[in-house]
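Undergrad: 3D model of this:
(chains A and B)
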Amino acid sequence: MEDIKKTVLEYVIEEYLEDEDEELTYDTPLISGGIVDSFSMVSLKRFLESKYKISIPDEKATPEAFDSVDKITELVKEFVKA
Amino acid sequence: MSNIGSYEKRVKNFNWSISEKELGYKEGDDLNIGWYCSDRICQMGKANKPALIWEGLGGKKNSYTFNDVRLATNTISLFLKKIGVKNEDRVCLFLDKIPELYLGFIGILKIGAIAQPLFSAFGDESLHVRLENAETTVIITQRKHVAKVRKIKDKIPNLKHVIIVDHDGKKPLREGEMIFSLKEETPVEELEIFPTKAESPSVLHYTSGTTGQPKGVKHVHYSLIGQYLTAKWVLDLKDNDIYWCTADPGWVTGTSYGIIGPWSLGVTQCVLDTGFSAEAWYKFIEKQKVTVWYSAPTAIRSLMKAGDEVIKKHDLSSLRHLASVGEPLNSEAVIWSKKVFGKHFLDTYWQTETGAIMLTNFPGMKVKPGSMGKPFPGITAEVLDPKSFEPVEEPGKIGLIAFKPGWPSMMRTYWNNEDTYKAKFANDWYLSGDRASIDKEGYYWFVGRDDDVINTGGHLVSPFEVESALLEHEAVAESAVVAKPDEVNMEVVKAFVVIKPGFEPSEELELKIMNFIRKKLSPLAMPQETEYVDSLPKTRSGKIMRRLLHAKEWGEEIGDTSTLEDEE
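TA: From the prediction side, this is the model:
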């Protein structure tokens, strides 16, 4: 679980954070916070699916479910388990 | 009673002088949009009325009266003048939806310079081609976007100044960079407004075409005449409204109806500068008591997806008029909005090139869900036969949407690209590039684009631009880019890619390609699907046949491919 959180956080910082001075934590709003837009969410979903060999159905890939590293981790966990 | 009243009567008695008269403009007078949107409203006795109510990330808030707007824009104008900005210089606004974007836009216009707003999610390559084409001399940006500007600054010889509006002084500035903070500046009470005339250039918005680089659509100050009256009659803006236009001023809706329309009418507008969330949007409407809401089909469909339960948690009874723009609004969304908000979202149709609303559903008009509505009074519209460019007489028959040139907010040219501008006209008609039919009652019905341009989430993406950028990826030998159907965004970008020897097709490579384009061009241009192919279909002379790939994606008849192979 901690590994997933850390990996996702590092990936979001590396790929999506434009302001290098901005601090990103596990509960920073990503979609509603304007860090990841709805188009970019597709690439984030693709990363998760590729990294964890899972398939996240579109109805589960909502802006709310992707709104923080914590929430994304919960979502990934659900499918990794399954 | 709506502002337009009877559509039929307005059409019968229409003259653009209605707008000129209301604005107190006579032919030959000075006409400066910046003055009309700030100083004039103050002179009309609305100096203390809220002009902008802004909310940003992390609960940040700010509000500005029309007098605050007047002073802040004077201050920006003077700062620009002091660093040498002259009339008709291009000043780029590369900002999120923060107050400086709205105020900077007016400040630039007041000194007769040309505002060049660019979507802040653009990557460095998208920024580069647009600044290079416009020979931009100044860019106004913020800390989080300055890295992209630094990456390309040396490639833009005309770019003299990079102004950062939120620099905290912690990190050193580089050559050509300077700090401007509205909070630190002394408000400028008196400013000599540059005496622009009707045909003086005002705004340069970039749009994408099938071929070549993005085109800079040049607008002039006279566009105000159209933007003012359409905001009044279509958006039905009234003095006591609280108006919310969700568009980003990096695109034309965000300036024509996110700045010029409401402020020239002296109407209070509010802005939410956060990412999308249904909960946050409804909360904002409830809190600000929004009365008129102008949004986009992609956002409306995303709200639909979020469900009706979230709506019930909020009091949205302040809403009295809803309108939509960007791409055709599907009938399901129109019907849904009536069910949940008690009002239809009324579709409006126009383009960067038209500068203002052209076809629309008017307040009080019978709603036909899925229709684009009827022409704005004073606009001569038709659908034309694609071969003869003569109006199609038969109701329901598909043709090209075209307008008789001469409306006030029509583009005056494409920047440094007169040939492409001329190619937009045939038989004395302006050709929109879109196809539609007209029914027996005169309602227009959108069919699709007449070219390969991709309309994703209401924004146009050039396949050529994406294909060119893809070729810069180390693994890509050849590519073709087409639109793929999408439930929320109408269309998204799909890439067909031939990879170079030494690279293997994989999910990892697909992700790398996606991120490469997202950062280089923009998230909109990012291929949401990449299909690896051994070769691309081409004509005998080697031109890629996008039409064939497009037909495959949309499940359309491919037709006679031997004919296609002869196409040029």
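
Undergrad: what's near enough to touch the residue positioned nearest the centre of chain A?
TA: Geometric centre of chain A, nearest residue: residue A:72, 4.6 Å, by C-alpha atoms, centre = their mean. Neighbouring residues of residue A:72 by C-beta atoms under 8 Å, 6 or more residues apart in numbering or on different chains: A:8, A:30, A:44, A:48, A:65, A:66. Where you see a C-beta, it was placed from the backbone N, CA and C, and this is true even at glycine.

Undergrad: show me which of those neighbour chain B.
TA: Residues of the contacts of residue A:72 in contact with chain B (C-beta under 8 Å from any C-beta of the partner chain): residue A:30.

Undergrad: save the contacts of residue A:72 as JSON lines, and put in pLDDT, neighbour count and secondary structure too.
TA: Output for the contacts of residue A:72, formatted as JSON lines (pLDDT from 0 to 100; neighbours: other C-beta atoms under 10 Å in any protein chain shown; DSSP: H, G, I helix; E, B strand; the rest coil):
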{"residue": "A:8", "pLDDT": "95", "neighbour count": "24", "secondary structure": "helix"}
{"residue": "A:30", "pLDDT": "92", "neighbour count": "26", "secondary structure": "coil"}
{"residue": "A:44", "pLDDT": "96", "neighbour count": "23", "secondary structure": "helix"}
{"residue": "A:48", "pLDDT": "96", "neighbour count": "24", "secondary structure": "helix"}
{"residue": "A:65", "pLDDT": "92", "neighbour count": "18", "secondary structure": "coil"}
{"residue": "A:66", "pLDDT": "93", "neighbour count": "23", "secondary structure": "coil"}
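
Undergrad: for the top helix by length along chain B, packing partners?
TA: The longest helix of chain B (DSSP state H) is helix B:66-82. Packing partners of helix B:66-82 (3 or more C-beta pairs under 8 Å, 6 or more residues apart in numbering or on different chains; DSSP states H and E): helix B:33-37, strand B:50-55, helix B:99-110.

Undergrad: so where is the chain shaky, pLDDT-wise?
TA: The chain I'm using is chain A. A:1-2, A:81-82 (pLDDT under 70).

Undergrad: oops, wrong one, chain B.
TA: B:559-568.

Undergrad: so the residue nearest to the centre of chain A: helix, strand or coil?
TA: Under DSSP: H, G, I helix; E, B strand; the rest coil, the three-state class of residue A:72 is helix.

Undergrad: what's residue 80 in contact with, if anything?
TA: All of this is about chain A. A:4, A:52, A:54.

Undergrad: the intended chain is chain B.
TA: B:91, B:107, B:108, B:111, B:113, B:138.

Undergrad: swap in 10 Å and give it another go.
TA: B:86, B:89, B:91, B:104, B:107-108, B:110-111, B:113, B:137-138, B:140, B:161, B:163, B:180 (C-beta atoms under 10 Å, 6 or more residues apart in numbering or on different chains).

Undergrad: now do residue B:201
TA: Here residue B:201 is in contact with B:87-88, B:90, B:112-115, B:218-221, B:412-413, B:415 (C-beta under 10 Å, 6+ apart).

Undergrad: closest to chain A out of the residues you listed?
TA: residue B:115 (22.8 Å; C-beta to the nearest C-beta).

Undergrad: buried ones in the helix or strand where the closest one lies?
TA: Take DSSP states H and E as the rule and residue B:115 turns out to sit in strand B:114-117. Buried residues in strand B:114-117, counting neighbours by 16 or more other C-beta atoms under 10 Å in any protein chain shown, are found at B:114, B:115, B:116, B:117.

Undergrad: can I get those residues in CSV with distance to chain A?
TA: As requested, the buried residues of strand B:114-117 are exported to CSV (distance: C-beta to the nearest C-beta, whole Å):
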residue, distance to chain A
B:114, 26
B:115, 23
B:116, 20
B:117, 18
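
Undergrad: which of those sit farthest apart?
TA: B:114 and B:117 (10.6 Å; C-beta to C-beta).

Undergrad: now the common contact residues for the two.
TA: Counting by C-beta under 10 Å, 6+ apart, the contacts common to residue B:114 and residue B:117 are B:91, B:92, B:108, B:203, B:204.

Undergrad: so who does the residue of chain B most remote from its centre touch?
TA: No residue in chain B sits farther from the centre than residue B:502, which is 41.4 Å out by C-alpha atoms, centre = their mean. Residue B:502 makes contact with B:474, B:475, according to C-beta under 10 Å, 6+ apart.

Undergrad: just the element for it, please.
TA: Per DSSP H and E, residue B:502 falls between elements, in no helix or strand.

Undergrad: any idea how far residue B:475 is from it?
TA: 8 Å (C-beta to C-beta, to the nearest Å).

Undergrad: save the contacts of residue B:201 as CSV, and put in secondary structure and distance to residue B:74 too.
TA: Formatted as CSV, the contacts of residue B:201 follow (DSSP: H, G, I helix; E, B strand; the rest coil; distance: C-beta to C-beta, whole Å):
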residue, secondary structure, distance to residue B:74
B:87, coil, 16
B:88, coil, 20
B:90, strand, 21
B:112, coil, 14
B:113, coil, 14
B:114, strand, 19
B:115, strand, 16
B:218, strand, 26
B:219, strand, 23
B:220, strand, 23
B:221, coil, 18
B:412, coil, 27
B:413, strand, 30
B:415, coil, 28
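
Undergrad: include distance to residue B:9 when you put those residues into CSV, please.
TA: Converted to CSV, the contacts of residue B:201 look like this (distance: C-beta to C-beta, whole Å):
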residue, distance to residue B:9
B:87, 41
B:88, 41
B:90, 42
B:112, 38
B:113, 41
B:114, 38
B:115, 36
B:218, 34
B:219, 30
B:220, 30
B:221, 29
B:412, 31
B:413, 35
B:415, 39
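
Undergrad: and the stretch 151-300 of chain B, which residues reach chain A?
TA: B:166, B:168, B:170-171, B:273-281, B:298-299 (C-beta under 10 Å from any C-beta of the partner chain).

Undergrad: tell me which helix or strand comes right after the longest helix of chain B.
TA: strand B:90-94.

Undergrad: now that next one: buried residues?
TA: Applying 16+ other C-beta under 10 Å to strand B:90-94 flags B:90, B:91, B:92, B:93, B:94 as buried.

Undergrad: what's the burial count for residue B:208?
TA: 23 (other C-beta atoms under 10 Å in any protein chain shown).

Undergrad: that one contacts residue B:449, doesn't it?
TA: No. With contact defined as C-beta atoms under 10 Å, residue B:208 does not reach residue B:449; the gap is 11.5 Å.

Undergrad: who touches both of these two?
TA: B:455, B:460.

Undergrad: give the contact list for the residue of chain A most remote from its centre.
TA: Largest separation from the mean C-alpha position in chain A: residue A:21, at 20.0 Å (C-alpha atoms, centre = their mean). Residue A:21 is in contact with B:143, B:144, B:168, B:170, B:171, counting by C-beta under 10 Å, 6+ apart.

Undergrad: good, we can wrap up now.
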